[in-house]
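**Q** model this:
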Amino acid sequence: MNSELVYHFKREFHTQLSAFVRQRLRHQVFWALASIEAAALECLKGFVLQAYDLSHDLLVTPNLLEFAKTQEARLYEKLTQTAKQRQPEILKMISDTLKEMRDIVPQMAARDLNFLPFGAPEISNDISNTGSPLTSQHRCKPIGPCPIVVPSQDVMGQNGTSKIYSTSSCHSSMSSHPVQGNTL
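**A** Sure thing, here's the model as predicted:
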């Protein structure tokens, strides 16, 4: 093994190995620097774009808000003028609708409600004088009879017969009156 090739390898191995390692390390350092540079450029690009957007918003947004505010004020003014001009027509339309529905609304309420404690309200014929179809001068009438079953108990607490009370005479008052002869 005294060949010249082995001799040169032993003699130059340390110098070539150190040159190879230096070259690989330099390559890795350049690759890391390029990666860091790309990341830094992306960060700067994002920062510049955000700064531009912020400055744009600070300059443009107040103008847009002012424009929207003036347009809203103009629209409100036009709607107010239109409402003032058409107020008598609107009031007449509401009054006519209330007059038309005067008979329908109590029927709808009676159909939808099972029990009204004071009965159905009476409706005034003159809507324009009172401002409301309900009058405070009239008492309420009941929708229909509302039987109430009350179990009676004797002195010892034993259940006895049940009595049925009816509110069918609620036209004059809302107090319960016993119905004679009805027991369960």
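**Q** just checking, what packs against the helix or strand encompassing Trp31?
**A** Assigned by DSSP states H and E, Trp31 falls within helix 4-101. With contacts taken as 3 or more Cβ pairs under 8 Å, 6 or more residues apart in numbering; DSSP states H and E, helix 4-101 sits against helix 127-130. In this view, the C-beta of every residue, glycine as well, is placed from N, C-alpha and C.
**Q** and the helix it packs on, average pLDDT?
**A** Mean per-residue pLDDT for helix 127-130: 49.
**Q** again, but for stretch 85-104
**A** 90.
**Q** also stretch 57-71?
**A** On average, stretch 57-71 scores 90.
**Q** touching it from outside, list them.
**A** Outside stretch 57-71, not one residue touches it by Cβ atoms under 8 Å, 6 or more residues apart in numbering.
**Q** got the domain boundaries for the protein?
**A** Recorded structural domains for the chain (assignment: automatic domain parsing) are 1-87, 102-142, 145-184.
**Q** tell me the mean pLDDT for the last one?
**A** Here domain 145-184 scores 46 as its mean pLDDT.
**Q** could you shift the numbering so residue one becomes 33, and keep it that way?
**A** Sure thing, new numbering starts at 33, so read that last one as domain 177-216.
**Q** okay, Pro174: pLDDT?
**A** pLDDT at Pro174 comes out at 47.
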